[in-house]
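Visitor: next input, structure requested:
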Amino acid sequence: MTSFFRSAALAALLATAAPALAKAPRELTYTVTMDPATDSNAFQVKLELPKLKKDQAIYQFAATAPGTYQVMDMGRFVSNFQAFDSKGKQLEVKQLSTNQWQLSAPDKTREIRYTIAETWDTAVKEHNIYRMCGSSLETDHALLNGQTLLGYPQGMQDKPLRLKLQYPADWKSGSVLVPDAKGFYHLKNYDQAVDSPILLGRLTEASTKLGNADVALYCYSATDKVQAEPLLGHMQKMLNAAQSFFGGQLPVQRYAFLYHFADRSAGAWEHSYSSEYVLTEAPLTPESAQGVVDIAAHEFFHVMTPLNIHSEVIESFNFVQPTGSEHLWLYEGTTEWASHMMQLRGGLVPLNDYLSMLNDKVTYDRTRTDTTYSLSRLGLNSFSDEGQRQYGNIYQRGALTAGLLDLRLLELSGGKRGLRDVLLELAKKYGPNKPISEKNFFQDFAQMTYPEIGDFFQRYVKNAEPLPLQEYYSKIGVRYQRAMPTGKQIATLGAMGLEARETSVYFTKVGGPLQAAGVQVGDKLVALDGARTNLGAVLRQLPTRAPGTEVPFIISRNGQEQTVKVKLASTEEIKRYVFTTDPAATPAQLALREAWLKNL
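Guide: From the prediction side, this is the model:
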């Protein structure tokens, strides 16, 4: 943090020698300066303002951002916030809250300057920001997200702005945005700035054409193990499948993939016309590339929803006090379903692999979440700590529910109209600038399709009734078995229950080998077989051991750690939540399966 405060002092020194300011611009004009050779922890931001009104005296930083579903509170990263009049004279400012500063003389303020720390390496006490949603500044690259650098005077969120970046001359810029001759990016409002990430530095670049759309890929790889051209080559079949899924033409004219490969994986973040990825660097192999492609397929499909299908909550996003949308199932669950379905229908993955993916999603839903927590409730509470505890299920039960909706639509239409078709109709009806109704969308969707779909939404989205997996998949000749004995003996710990509390895991149920070894309800699980992290992965591997093997557990009871050796017992293997094709499927079932597989 030393360099963070040094940069604040530098900004203060520059402010004291500030010259008279130029004529006020018509647009909000931001200049973001980064000099990693001098300071790799912070950015210097300058905002030139048109004349403000008295009710625009509050300068607002983002509390969150669309698609993150987390608290950001970017004001935590700000220091040396200053305001100046047209002659360069400093004006009084006052911090009102974490994310708000008050200008004492808004009508006289012509320039605002502040230092804002990058989020990757700046320690905070809570609500760490996902790396792909944050900002990073290193000696050879930077990742910029609009909400992590820029604020705005209240009342000016929808005003046009322009942005200039000052960075090392040998860096390349990667973004869906195209600068003008003077180096300015022009944006219609603050929301577009947040929606347009920028990757800078030692990048490789590749591009392709999909119908009428230009697709670019920019790649930073810490040790050059991943290059843009071969990575795009691995993605090409998925992109072609997506083009077919979209009906032959993409709903955008230009799209950019931004990839950051280094020492850790954090995930990906979608935007309307681009997506960004923070992934572990490793040489590209067919297996590792498929993992990258799977993630990209999900993010890329967001050009359908929420770009072209979204409610008023997304259309006019509240950066101060964000409101959850009941239709998160549509934005994320349907997108996750589509990312896998378009690869299945495009011939990129076989049916058995798709069914295995369904098994993974049901397992997650049934074993790691509250199955009484509805998708509607999850969407409305997505910004709360309560909602965050269930949030991962939007990609699991959310995708499973979208898959069932697709099957129901195909059944009702005689195989002629599935969820893909309805999504295309919705995108054509609404598009980027016309929101669906947050309140009436379920009713509107049912009116566009069939009355039975209203009942589907009521039972499986608004409420949390058990998903009719067996009933629906049997319609296409796919069996679903909640439990399938194999006749094989495997190792087991016996009866066991675990509960996560803050950063620790406690036993809530013990029996069999655990009880025999002396483990008690309430004990904290500290380590397992020598591992103190990723304990869930170690537990999942235990059934592959030979029955009778002793496994060391370190537990903590009353603050005292102790090691116990648990002797694995033997039990019959039972596979859970299994999907398989039915060899006795009827001609009608096979016909609907064919329509399901070919719905492009």
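
Visitor: and stretch 358-371, what's its mean pLDDT?
Guide: Averaged across stretch 358-371, pLDDT comes to 93.

Visitor: then stretch 314-326?
Guide: For stretch 314-326, the per-residue pLDDT averages 86.

Visitor: likewise for stretch 268-286?
Guide: 94.

Visitor: buried residues in it, which are they?
Guide: Residues of stretch 268-286 classed as buried: 268-279, 281, 284 (neighbour count, 16 or more other Cβ atoms under 10 Å). Heads up, the C-betas are built off the backbone N, CA and C, glycines and all.

Visitor: compute the first-to-last residue distance for that stretch.
Guide: The first and final residues of stretch 268-286 sit 20 Å from each other (Cα to Cα, to the nearest Å).

Visitor: over to stretch 411-422?
Guide: Terminal residues of stretch 411-422 are spaced 14 Å apart (Cα to Cα).

Visitor: any buried residues in stretch 170-182, and which?
Guide: Trp171, Ser173, Gly174, Ser175, Val176, Leu177.

Visitor: can you show me the CA trace of that stretch as CSV?
Guide: Provided in CSV are the C-alpha atoms of stretch 170-182 (Å, rounded to 0.1, in the frame of the first residue of the first chain):
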residue,chain,number,x,y,z
ASP,A,170,4.6,-0.1,-26.4
TRP,A,171,1.3,-1.4,-25.1
LYS,A,172,-1.6,-2.6,-27.3
SER,A,173,-5.2,-1.9,-26.5
GLY,A,174,-7.9,-4.6,-26.8
SER,A,175,-11.6,-3.7,-26.6
VAL,A,176,-14.8,-3.6,-28.6
LEU,A,177,-14.5,0.2,-28.5
VAL,A,178,-12.7,2.0,-31.3
PRO,A,179,-10.9,5.3,-30.5
ASP,A,180,-11.2,8.4,-32.6
ALA,A,181,-8.2,10.2,-34.3
LYS,A,182,-7.4,11.9,-31.0
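
Visitor: list the neighbours of it that are in contact with it.
Guide: 141-142, 164-165, 167, 185-187, 196-203, 205, 216, 218, 254-256, 258, 271, 273-274 (Cβ atoms under 8 Å, 6 or more residues apart in numbering).

Visitor: mind listing what the closest residue to His271 other than its chain neighbours touches?
Guide: Distance criterion Cβ to Cβ, 6 or more residues apart in numbering; nearest residue to His271, sequence neighbours excluded, is Asp195 at 5.0 Å. Counting by Cβ under 8 Å, 6+ apart, Asp195 makes contact with Pro66, Gly146, His271, Ser272, Tyr273.

Visitor: avg pLDDT for the lengthiest strand in the chain?
Guide: Counting residues, the longest strand in the chain under DSSP state E turns out to be strand 478-492. Averaging pLDDT along strand 478-492 yields 94.

Visitor: and it, what's buried?
Guide: Buried-residue list, strand 478-492, by 16+ other Cβ under 10 Å: Val478, Arg479, Tyr480, Ile490, Ala491, Thr492.

Visitor: Throw the residues you listed into CSV and include distance to Lys575, thanks.
Guide: Below are the buried residues of strand 478-492 laid out as CSV (distance: Cβ to Cβ, whole Å):
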residue, distance to Lys575
Val478, 15
Arg479, 12
Tyr480, 12
Ile490, 11
Ala491, 15
Thr492, 14
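
Visitor: what segments of the stretch 501-600 of the chain are strands?
Guide: In the stretch 501-600 of the chain, the segments counted as strands under DSSP state E, counting those that start in this stretch are 504-510, 524-528, 550-557, 560-567, 569-581.

Visitor: among these, which is nearest Glu411?
Guide: strand 569-581 (17.8 Å; Cβ to Cβ).

Visitor: list the buried residues of the closest one.
Guide: For strand 569-581, burial by neighbour count (16+ other Cβ under 10 Å) applies to Ala569, Thr571, Tyr577, Val578, Phe579.

Visitor: between these, which is closest to Val461?
Guide: Set against Val461, the nearest of the buried residues of strand 569-581 by Cβ to Cβ is Tyr577 (20.7 Å).

Visitor: show me the contacts for the spatially closest residue to that closest one that is not a sequence neighbour.
Guide: Nearest non-adjacent residue to Tyr577, counting by Cβ to Cβ, 6+ apart: Val362, 4.0 Å away. Val362 makes contact with Gln396, Leu400, Leu469, Tyr577, according to Cβ under 8 Å, 6+ apart.

Visitor: can you list the domains in this structure?
Guide: Domains of the chain are assigned by automatic domain parsing as 2-201, 204-462, 484-576.

Visitor: quick one: which of the ones you listed is nearest Ala591?
Guide: domain 204-462 (6.8 Å).

Visitor: compute the first-to-last residue distance for that closest one.
Guide: End-to-end for domain 204-462, by Cα to Cα: 45 Å.

Visitor: in the stretch 251-400 of the chain, which spans are strands?
Guide: 254-262, 267-270, 274-280.

Visitor: turn these into CSV, including distance to Glu332.
Guide: Below are the strands of the stretch 251-400 of the chain laid out as CSV (distance: least, Cβ to Cβ, whole Å):
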stretch, distance to Glu332
strand 254-262, 19
strand 267-270, 9
strand 274-280, 13
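
Visitor: and of those strands, who's closest to Ser86?
Guide: strand 274-280 (36.8 Å).

Visitor: tilt between the closest one and strand 254-262?
Guide: 10 degrees (axes from the mean of the first three to the mean of the last three Cα atoms, to 10 degrees).

Visitor: pull the residues that contact strand 274-280.
Guide: 131-132, 143, 145, 175-176, 196-197, 199, 255-269, 292, 295-296, 299-300, 302.

Visitor: drop anything exposed from the residues you listed.
Guide: Of the contacts of strand 274-280, these count as buried by 16+ other Cβ under 10 Å: 131-132, 143, 145, 175-176, 196-197, 199, 255-262, 265-266, 268-269, 292, 295-296, 299-300, 302.
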